[in-house]
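> This is the structure alone, sequence omitted:
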């Protein structure tokens, strides 16, 4: 007979801290529920009126000390819960620089995953022990939710945009991968396995098999060339579009006077709807690639743009703009691809 477990196995760097916070919240809830219940029961019995002939109980007009105590203690507990939870929230949102990026695409009813070298998996994820893993995720159809109970991570996967989560596996083993959002008639079957391996075993697995796929960056570079993006987006003054090198992570000035961060969603939107966010100094001449590229291809384009991009904020100067604004082009970066990488959008 299997042992009863309140929690799945703790197998990530977050699991222990999250479980501790959960137990703290549970303990506070139980203590207050039991304490208040016992107090009500005792007071109800102690001060009940036994008969109509009994005189009414003596009125109590309150105690300032009691009022302060039962106001301050819950306030302190509430602050502890808030700051403890906020600390873990931000810790789980700040991705380490050395994290390995896995592209994840949700689709009715499967998970498609791609490793940095291009190797692909469906409903299985092989990862090395002790390596921070960053999952960049999007959906091809409806809302899904990427959920690994043993890692204590869960994140909605949305169509038309990118979401992320990260974790560091701490135990070798095989763990469950679920979709935690009802996504259709076969939702209950949308699951898989996460295989945590030693780094050497992972490298052997990564190099094995017959999958000779290009890496997302290499595939994105090929797409960038085949779609003709390099025709307008290069580093020459005669280019009709801005040079994309260093665009990712920078603040791009728009023709509306606003500035926008060139992240994955911005790039994706620039590819599919290039007229919505035109870079200042360039004309609305870039065509939409909607229907011409898949979500996976968009993610590969974004991966390529990220590989040639910088992280420092940059602004376009007059010298960098084309002499003829009417012939200029715009580039945005967005990340809705199925593999979870970033996409490029250009406006001409």
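Nice, I can see it. Owing to the predicted nature of the structure, the values given are computational and were not obtained by experimental measurement. Numbers count the residues shown, from 1 in each chain.
> Point out the other elements, helices or strands, that the helix ranked longest in the chain touches.
Longest among the helix segments of the chain by residue count, using DSSP state H, is helix 15-46. Using 3 or more CB pairs under 8 Å, 6 or more residues apart in numbering; DSSP states H and E, the elements in contact with helix 15-46 are helix 64-93. The way it works is simple: take the backbone N, C-alpha and C, and place the C-beta from them, glycine included.
> how about the helix it packs on: buried residues?
For helix 64-93, the neighbour count (16 or more other CB atoms under 10 Å) marks 88, 92 as buried.
> Distance from the chain centre to it, please.
Computed by CA atoms, centre = their mean, to the nearest Å, the separation of helix 64-93 from the middle of its chain amounts to 27 Å.
> Report the inter-axis angle for that helix versus helix 15-46.
160 degrees (axes from the mean of the first three to the mean of the last three CA atoms, to 10 degrees).
> need the next SSE after helix 64-93, C-terminal direction.
Counting by DSSP states H and E, the next helix or strand C-terminal to helix 64-93 is strand 100-107.
> can you pull the buried residues of stretch 189-204?
Buried residues in stretch 189-204, counted by 16+ other CB under 10 Å: 190, 191, 192, 194, 195, 196, 197, 202.
> Just those: which are in helices?
residue 202.
> And the strands in the protein?
Ranges of strands in the chain, per DSSP state E, are 100-107, 110-114, 120-122, 124-128, 133-139, 144-148, 153-157, 163-167, 173-179, 191-197, 251-253, 259-261, 330-334, 343-347.
> Reformat those strands as CSV; add distance to residue 270 and mean pLDDT.
Formatted as CSV, the strands of the chain follow (distance: least, CB to CB, whole Å; pLDDT from 0 to 100):
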stretch, distance to residue 270, mean pLDDT
strand 100-107, 19, 92
strand 110-114, 22, 92
strand 120-122, 26, 89
strand 124-128, 30, 94
strand 133-139, 16, 93
strand 144-148, 25, 95
strand 153-157, 22, 94
strand 163-167, 19, 93
strand 173-179, 29, 94
strand 191-197, 32, 93
strand 251-253, 9, 84
strand 259-261, 10, 84
strand 330-334, 2, 36
strand 343-347, 2, 37
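> want to throw those strands into a markdown table with distance to residue 286?
Formatted as a markdown table, the strands of the chain follow (distance: least, CB to CB, whole Å):
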| stretch | distance to residue 286 |
| --- | --- |
| strand 100-107 | 25 |
| strand 110-114 | 27 |
| strand 120-122 | 30 |
| strand 124-128 | 36 |
| strand 133-139 | 22 |
| strand 144-148 | 31 |
| strand 153-157 | 28 |
| strand 163-167 | 26 |
| strand 173-179 | 36 |
| strand 191-197 | 38 |
| strand 251-253 | 14 |
| strand 259-261 | 16 |
| strand 330-334 | 6 |
| strand 343-347 | 4 |
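> measure residue 152 to residue 256 for me?
Taking CB to CB, to the nearest Å as the measure, residue 152 falls 42 Å from residue 256.
> meant to ask about residue 109
Residue 109 is 41 Å from residue 256, by CB to CB.
> who has more neighbours, those two?
residue 109 (18 against 10; other CB atoms under 10 Å).
> Could you double-check that the more buried one lies in contact with residue 182?
No - look at residue 109 against residue 182 with CB atoms under 8 Å: they stay out of range, at 11.1 Å.
> got a list of what residue 183 touches?
106, 108, 109, 141, 142, 143, 144, 190 (CB atoms under 8 Å, 6 or more residues apart in numbering).
> Recalculate using a threshold of 10 Å.
The neighbourhood of residue 183, defined by CB atoms under 10 Å, 6 or more residues apart in numbering, consists of 106, 107, 108, 109, 139, 141, 142, 143, 144, 145, 157, 190.
> Same question for residue 197.
Shown in contact with residue 197 (CB under 10 Å, 6+ apart): 126, 127, 128, 129, 169, 172, 173, 174, 203, 204, 205, 206.
> Among these, which one has the most neighbours?
Going by other CB under 10 Å, residue 169 tops the contacts of residue 197 with 24 neighbours.
> how near is that one to residue 19?
As judged by CB to CB, residue 169 and residue 19 stand 16 Å apart.
> Kindly report the same for residue 229.
Residue 229 is 47 Å from residue 19, where distance means CB to CB.
> still on that earlier bit, make a ChimeraX selection of the buried ones in the contacts of residue 183.
Here is the ChimeraX command that picks out the buried ones among the contacts of residue 183, judged by 16+ other CB under 10 Å:
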select :106,107,108,109,139,142,144,145,157,190
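> just curious, which of the contacts of residue 183 is nearest to residue 284?
Lowest distance from residue 284 to those (CB to CB) belongs to residue 139, with 29.1 Å.
> Correct me if wrong: the closest one contacts residue 108.
Yes - look at residue 139 against residue 108 with CB atoms under 10 Å: they come within range, at 9.1 Å.
> how far is stretch 207-223 from where the chain is centred?
In terms of CA atoms, centre = their mean, the centre of stretch 207-223 is found 24 Å from the chain centre.
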